[in-house]
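A.B. asks: all I have is the shape, not the residue letters:
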């Protein structure tokens, strides 16, 4: 099971759009996928038409210990489960301030699901993280096996990147030895502009010069660029992924290519094991 945290503490860089459409794209390839909405705004949930009404179980109840993961998930699309979020999640930071082992709540919930449930296991867990470095985010990074970082190719978007990478290194050192940064995803990309090309070059140079012991040492910049496309902005109002709403759009094309890259990484990960067998 690949557990992917999609994280950037800066808002407006395409994090939720990427979380939803990566999860939906993987599900369309027949993978059993769970999208965990970890943002109290609940945008990933509403994007896929999950109605948060009175009595709906949410990810907050996992953090509060009231419910298990299997009790909070909802089937939103074929092969695609969603653990929704709402404003209740904002209370976690205060409620868990003195809780022992609070960084491992989500990790334990996923481990419990794998251990106890006799249903089809998840192939992928995709976590849409909030635009902040808080208890919920730390839980996501502690539970994750890998991390995708959406980046808008503007210099202001890069300013907080070093802080995020430092936090990732700290979590890998103290809480999750298995965490690695798979890659950086360029979103809201404006093809042909000098700025986008310059920022991309800066990112590539940074990765090439990184400390080989850093969690991002083997990270890449995904080849797929997510171009600006109005259809991506329209799709949430119809409670659909881009593949349903506008399957011929550049947005669907770009995210389709990105999903192919993610699946190709999976194939490379399993090849050595297969060869050894």
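C.D. replies: Here it is on my side, so go on. Worth saying up front: this structure is predicted, and the values here are computed from it rather than measured. Residues are numbered from 1 along each chain as shown.
A.B. asks: what is the least confident helix or strand in this structure?
C.D. replies: When each helix and strand of the chain is scored by mean pLDDT, DSSP states H and E, helix 155-158 comes last, with a mean of 70.
A.B. asks: which elements pack onto the helix or strand just after that helix?
C.D. replies: Past helix 155-158, further along toward the C-terminus, the next helix or strand under DSSP states H and E is helix 161-174. In this structure, helix 161-174 makes packing contacts with helix 135-143, strand 146-151, strand 180-186, judged by 3 or more C-beta pairs under 8 Å, 6 or more residues apart in numbering; DSSP states H and E. No exception for glycine: its C-beta is placed from N, CA and C like everyone else's.
A.B. asks: try 7 Å this time
C.D. replies: For helix 161-174, the helices and strands in contact under the criterion 3 or more C-beta pairs under 7 Å, 6 or more residues apart in numbering; DSSP states H and E are helix 135-143.
A.B. asks: who touches the helix it packs on?
C.D. replies: 3, 5, 7, 38, 89, 92-93, 96, 102-107, 110, 127, 129-130, 147, 168, 171, 175-176, 179 (C-beta atoms under 7 Å, 6 or more residues apart in numbering).
A.B. asks: before we move on, what about stretch 16-33?
C.D. replies: Here stretch 16-33 has contacts from 6, 35, 43-44, 47-48, 77-81, 120-124, 126, 128, 150, 185, 187, 232, 241-243, 255-256, 258-259, 262-263, using C-beta under 7 Å, 6+ apart.
A.B. asks: show me which of those are buried.
C.D. replies: Among the contacts of stretch 16-33, the ones that count as buried by 16 or more other C-beta atoms under 10 Å are 6, 35, 43-44, 47-48, 77, 79-81, 122-124, 126, 128, 150, 185, 187, 232, 241-243, 255-256, 258-259, 262.
A.B. asks: narrow the contacts of stretch 16-33 to those in strands?
C.D. replies: Among the contacts of stretch 16-33, the ones falling in strands (DSSP state E) are 6, 35, 77, 80, 81, 124, 126, 128, 150, 185.
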